[in-house]
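**Student:** below are the sequence and a predicted model; questions follow.
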Amino acid sequence: MINMVNIHDENIYGIFYIDKEETLEFFLSNKKKLRFKEVIHWDFSEFEKQNIIYEIEQYKEIPIWIKDEFGIKKALPLDCFLYYINSSVGLSGIVIAKDANLSDEVTS
């Protein structure tokens, strides 16, 4: 693990993918957006009534346990990271993207 995305105990109440921008957005209970940019892959469990993020870990190299759990057979593409979404309840999974950031853009 090389980094933690600064999100803890936030509920995901919506997911949106912008095809032309290759951007995946999570709408969070703190009224902010978590944006994954230049997304090439994601694999999530089911979206439930409650989807509480415990933490998000960022990796430059894929750990063996993630390879086994998600059936990943190749290394990450250059300049990409794997983000592991560890949840307390509900949606969990991985995103492979070039960047992720928390937007101060307020959602309604």
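**Tutor:** Done, it's in.

**Student:** for the chain, name the helix or strand with the lowest mean pLDDT.
**Tutor:** strand 3-5 (a mean of 74; mean pLDDT, DSSP states H and E).

**Student:** give me the helices and strands touching that strand, please.
**Tutor:** strand 52-59 (3 or more C-beta pairs under 8 Å, 6 or more residues apart in numbering; DSSP states H and E). C-beta here means a position set from N, CA and C on the backbone, and glycine is covered the same way.

**Student:** just the buried residues of the strand it packs on, please?
**Tutor:** Counting neighbours by 16 or more other C-beta atoms under 10 Å, one finds that the buried residues in strand 52-59 are 52-53, 56-59.

**Student:** show me what the least confident helix or strand of the chain is in contact with.
**Tutor:** 34, 55-58, 83, 100, 102 (C-beta atoms under 8 Å, 6 or more residues apart in numbering).

**Student:** tell me the least confident of those residues?
**Tutor:** The member of these with the lowest pLDDT is Leu102, at 89.

**Student:** partners of the helix or strand encompassing it in the sheet?
**Tutor:** Using DSSP states H and E, the element containing Leu102 is strand 99-103. Using DSSP bridges, the strands paired with strand 99-103 are strand 33-37 (antiparallel).

**Student:** what segments of this structure are strands?
**Tutor:** For the chain, applying DSSP state E gives strands covering 3-5, 10-18, 23-28, 33-37, 41-44, 52-59, 81-89, 93-97, 99-103.

**Student:** quick one on the thing from earlier: give me the sheet partners of the least confident helix or strand of the chain and which way each runs.
**Tutor:** strand 52-59 (antiparallel).

**Student:** quick one: contacts of the strand it pairs with?
**Tutor:** Contacts of strand 52-59 (C-beta under 8 Å, 6+ apart): 1-5, 7-12, 28, 34, 66, 76, 81-90, 100.
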